[in-house]
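Colleague: here you go, sequence then predicted model.
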Amino acid sequence: MTSRNSKKTICPSCKSESTLRNSRARNTKERIIKAITWFELYRCKKCGWRGWRTNIVLEQRAIKKIIIYTLLMIIAAFVVYNLLKLVV
Ligand SMILES: [Zn+2]
């Protein structure tokens, strides 16, 4: 569904290539974001920029699949909701 981006990371601040290094989470909020999302903390060793980047790139096909699954989920939820209404 997802694939790792093999392209070099480019700093969004100074646009240099390969200057981004993984940065440690400083607080609980950052640790939680790291744990539950695909985002990673990065720090640019050249300009000092620090922020979130993701190395996962969604493919067009994957996006279509996600849309289909979401629609199916909504339909399923709607059906279950109506069945529950009939029971109660
Ligand atoms: Zn930079």
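Modeller: Perfect, I can see it now.
Colleague: dump the residue contacts of R43.
Modeller: R43 sits next to L20, R21, N22, S23, W49, R50 when contact means Cβ atoms under 8 Å, 6 or more residues apart in numbering. The C-beta positions use only the backbone N, C-alpha and C, and glycine is treated the same way.
Colleague: can you get me a residue count around the spatially closest residue to it that is not a sequence neighbour?
Modeller: Nearest residue to R43 in three dimensions, chain neighbours excluded: S23, at 4.0 Å (Cβ to Cβ, 6 or more residues apart in numbering). Counted with other Cβ atoms under 10 Å, the neighbours of S23 add up to 15.
Colleague: tell me the phi and psi of S23?
Modeller: phi -110, psi 150 (degrees, to the nearest 10).
Colleague: now S16
Modeller: Phi and psi for S16, reported as degrees, to the nearest 10, are phi -80, psi 150.
Colleague: so for it, what's the pLDDT?
Modeller: Looking at S16, its pLDDT is 93.
Colleague: how about the closest residue to it other than its chain neighbours, secondary structure?
Modeller: Setting aside the residues directly before and after it, S16 is nearest to K46 in space (Cβ to Cβ, 6+ apart), at 5.2 Å. With DSSP: H, G, I helix; E, B strand; the rest coil as the basis, K46 sits in coil.
Colleague: please name the residues that touch K46.
Modeller: By Cβ under 8 Å, 6+ apart, K46 lies in contact with C11, C14, S16, T19.
Colleague: near the ion, which residues of this protein? Just list them.
Modeller: Listed as neighbours of the ion in the chain under the rule Cβ under 5 Å from the ion: C11, S13, C14, C44, K46, C47, W49.
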